[in-house]
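A.B. asks: Need coordinates for the following:
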Amino acid sequence: MRERMMASVGVVGWIVLVALVAPARADEPTAFGPDPELYRATVDRAIQYLGMSQAQDGSLSSHIGVGPTALATLGLLRSGRSVDDPQVVRALKYLEEYTQESGGIHTPGTHIAIYETCVALVCFKEANRRGQYDQIIQDAEKFVRGGQWDESKEKTPADLEYGGVGYSGKSRPDLSNMAYMLDALKACGAEADDPAIQRALVFVSRCQNLESPHNLTPFAAKVNDGGFYYSLVGSQEQERQTPDGGLRSYGSMTYSGLMSMLYAGLTKDDQRVKAAADWISRFYDVQSNPGMGDSGLFYYYHTFAKALNVMGVHEIEDARGVKHDWRKELTEELARRQQADGSWINANPRWMEGDPNLATAFALLALSYCQPVPVAQEETTEARP
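C.D. replies: Residues are numbered from 1 along each chain as shown. Here you go, the predicted model:
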């Protein structure tokens, strides 16, 4: 039996998300986050690497689709690069070439059309400073919404697939793609009461190891630790199963699940949020993906930083009562792992993280949430998808 839940650990000090935090200057005292010089140097080396790695057509690792290009370009924009920067211009032009008549933004014939469209949509939304991508964004949003398993696909709340979304409009739903979809909808301005987001909450709640009125599936009570798993639909990988047939919680999915619930309007007082926050407190880690080791490590870093940004906390208190400045610790860990050429790469190639462009894109996005917080702004934080 796991230790009892400490429902408020790590979330007691939540603050209102009210302002955009400007990064601290090198000579400005910081309240939270990494040393400004270390932060800037780590980010600059990553940007330089991506510039050297970019193909003439603007793409990055096009052999695995448009995802790495979209993620890396979003990272560049969120790290201070202008939409007029040549590196960004080339990448956006490349992504534009993959807009489809359906509204999707993806490689023709791919089985990951929803995923690719979601990440490209957020990228175009970030770059849409002059309204030049309005039509692309509008069409892509419609395409993404059409991929959700709902009444249009003859599904009802009684079906396990209900509210979910997968790699394509026909594939089984999972929490990772669900989180990407919610990112895209939030970027487009969808509010918590949006019907698609509320349908998504049904699926997200069923991916949590927590028996509650929101999760009465056979998996809910088997682990019951408050963490999240990848999917409750379809065949399950053996490594994700517990001996009694439960679905094991792990880090990247728990951060994705918590973030998704917050997007759907749940507050820190909701039992699902409390349980997820407790899991995060007990398994706080910047050296591995809890429950998965080095599998999907850089994806984990991205979801970790993004979710804590949405939570609006500067520190996480672990089960021993130790407080962690997560921005500082994550930046220092990423700086330690950065290669001499400015890239990152996972020695575990699972989920394509052996590709340095993809791993670097995830790392740069994670760093975009780790900007040093000046003393003068310690009571505010940035909230963005």
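
A.B. asks: what ranges do the helices span in this protein?
C.D. replies: 36-53, 67-78, 86-96, 113-127, 134-145, 175-187, 195-206, 220-223, 251-263, 271-282, 297-311, 326-337, 356-368 (DSSP state H).

A.B. asks: among those helices, which is nearest residue 374?
C.D. replies: Among the helices of the chain, helix 36-53 comes nearest to residue 374, with 9.3 Å by C-beta to C-beta. Bear in mind the C-beta positions are built from the backbone N, C-alpha and C, glycine included.

A.B. asks: circling back to that earlier point, how about the helices of the chain, which one is nearest residue 103?
C.D. replies: helix 134-145 (3.4 Å).

A.B. asks: Show me the contact partners of the closest one.
C.D. replies: 96, 99-100, 102-105, 114, 117-118, 120-121, 124-125, 128, 165, 181, 184-185, 188, 196 (C-beta atoms under 8 Å, 6 or more residues apart in numbering).

A.B. asks: Selecting buried members of the residues you listed in ChimeraX, what would you type?
C.D. replies: Here is the ChimeraX selection string for the buried members of the contacts of helix 134-145, based on 16 or more other C-beta atoms under 10 Å:
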select :99,103,104,105,114,117,118,120,121,124,125,165,181,184,185,188,196
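
A.B. asks: related to what we said a few turns ago, by mean pLDDT, show me the worst of the helices of the chain.
C.D. replies: Of all these, mean pLDDT reaches its minimum on helix 220-223 (a mean of 90).

A.B. asks: can I get the helices of the chain in TSV with distance to residue 213?
C.D. replies: As requested, the helices of the chain are exported to TSV (distance: least, C-beta to C-beta, whole Å):
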stretch	distance to residue 213
helix 36-53	43
helix 67-78	36
helix 86-96	42
helix 113-127	29
helix 134-145	27
helix 175-187	20
helix 195-206	9
helix 220-223	10
helix 251-263	15
helix 271-282	9
helix 297-311	24
helix 326-337	32
helix 356-368	34
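
A.B. asks: wait, which of the ones you listed is closest to residue 154?
C.D. replies: Closest to residue 154 of the helices of the chain, according to C-beta to C-beta: helix 195-206, at 14.1 Å.

A.B. asks: What helices and strands are in contact with that closest one?
C.D. replies: Here helix 195-206 touches helix 175-187, helix 251-263, going by 3 or more C-beta pairs under 8 Å, 6 or more residues apart in numbering; DSSP states H and E.

A.B. asks: Run through who's touching it.
C.D. replies: In contact with helix 195-206 (C-beta under 8 Å, 6+ apart) are residues 145, 148-150, 157, 160-165, 173, 175, 178, 181-182, 185, 190-192, 212, 214-215, 217, 220, 228, 232, 257, 260-261, 263-266, 272.

A.B. asks: and residue 153, how many neighbours?
C.D. replies: Look at residue 153: counted by other C-beta atoms under 10 Å, it has 14 neighbours.

A.B. asks: cool, the one 4 residues further on as well?
C.D. replies: Counted by other C-beta under 10 Å, the residues lying close to residue 157 total 11.

A.B. asks: and what of residue 204?
C.D. replies: 29.

A.B. asks: ok, back up a step: narrow the contacts of helix 195-206 to those that are buried.
C.D. replies: 145, 148-150, 160-165, 173, 175, 178, 181-182, 185, 190, 214-215, 220, 228, 232, 257, 260-261, 263-264, 266, 272.

A.B. asks: Taking the centroid of the chain, which residue is nearest it?
C.D. replies: With distances taken as C-alpha atoms, centre = their mean, the residue of the chain nearest its centroid is residue 303 (3.6 Å).

A.B. asks: could you list every residue that touches the residue nearest to it when sequence neighbours are not counted?
C.D. replies: Once flanking residues are discounted, residue 303 sits nearest to residue 255: 4.3 Å by C-beta to C-beta, 6 or more residues apart in numbering. Listed by C-beta under 8 Å, 6+ apart, the contact partners of residue 255 are 280, 300, 303-304, 306-308.

A.B. asks: Same check on residue 338?
C.D. replies: Residue 338 touches 42, 45-46, 344, 363, counting by C-beta under 8 Å, 6+ apart.

A.B. asks: Turn the residues you listed into CSV, including distance to residue 296.
C.D. replies: CSV is the format used below for the contacts of residue 338 (distance: C-beta to C-beta, whole Å):
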residue, distance to residue 296
42, 21
45, 23
46, 19
344, 13
363, 13
